[in-house]
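>>> build me a model:
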Amino acid sequence: QLNVIIRSSLQNLREKIDQLKDLLLRAVSTHQITQLEGDRRQNLVDDLLTRQKQLQASYKNEGTEPDVIRSSLMTGGVKRGVTNPWLLEEPEETRGLGFDDLRQQQRRIIEEQDAGLDALSSIISRQKQMGQEIGNELDEQN
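The predicted model follows:
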């Protein structure tokens, strides 16, 4: 009975990971998230897939040392000497936020950027006007 539960749980995990892949692909293709965020999330999904395969191998007792595989799953995976930069670079202000919270934060940032661009536009317009006036003055003096 325990084997049946484990097998069905592993199958359920695999299906959920596949759903995540599909949802991520859809979110990137419809521009709901940026490509950079899509890449970061893809790496997280790939990490989940790797862990699922490790669990599957551990369940089937494949590999030379199943105890090492089991302990590495509990401690965060086998260390390969290379850390995943996508997992380390998530800023504190976005950690733990849901999709709607991230979208709202993105909107706020875009609004701030738009305000900055509007200010820059007015400065450039003033400089253009000053340049035209200087040009006119030079034409008169010449």
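>>> CA only for contacts and neighbour counts going forward, please
Will do.
>>> could you measure from E37 over to V28?
For E37, the distance to V28 equals 9 Å [CA to CA, to the nearest Å].
>>> worst-scoring helix or strand of the chain, pLDDT-wise?
Within the chain, no helix or strand scores below helix 85-88, which has a mean of 54 by mean pLDDT, DSSP states H and E.
>>> which parts of this structure belong to which domain?
As recorded under the TED database, the domains making up the chain are 1-68, 97-141.
>>> which stretch in those is the model least sure about?
Lowest mean pLDDT within the domains of the chain: domain 1-68, a mean of 82.
>>> report the distance from it to the chain centre.
Relative to its chain's centre, domain 1-68 lies at 16 Å (CA atoms, centre = their mean, to the nearest Å).
>>> with stretch 109-120 instead?
24 Å.
>>> likewise for stretch 96-115?
14 Å.
>>> buried sites along it?
L102 (16 or more other CA atoms under 10 Å).
>>> how about stretch 134-142?
Buried residues in stretch 134-142, counted by 16+ other CA under 10 Å: none are found.
>>> relative to L44, how far out is the most centrally placed residue in the chain?
In the chain, the centroid-proximal residue (CA atoms, centre = their mean) is E37; its distance is 2.8 Å. Separation of E37 from L44 (CA to CA): 11 Å.
>>> cool, and L102?
L102 is 17 Å from L44, by CA to CA.
>>> likewise K128?
49 Å.
>>> cool, and E133?
Between E133 and L44 the computed distance is 57 Å (CA to CA).
>>> and the helices in the protein?
2-29, 35-59, 66-74, 85-88, 99-141 (DSSP state H).
>>> run the chain-centre distance for the longest one.
Put simply, helix 99-141 sits 30 Å off its chain's centre (CA atoms, centre = their mean).
>>> just the pLDDT at E92, thanks.
E92 is assigned a predicted lDDT (pLDDT) of 69.
>>> my bad, should have said I69
Value listed for I69 in the pLDDT field: 53.
>>> all numbers from here: first residue = 151
From this message on, residue numbering opens at 151, which makes the last subject I219.
>>> how many other residues sit next to L194?
The tally of other residues near L194 (other CA atoms under 10 Å) stands at 15.
>>> many thanks, have a good one.
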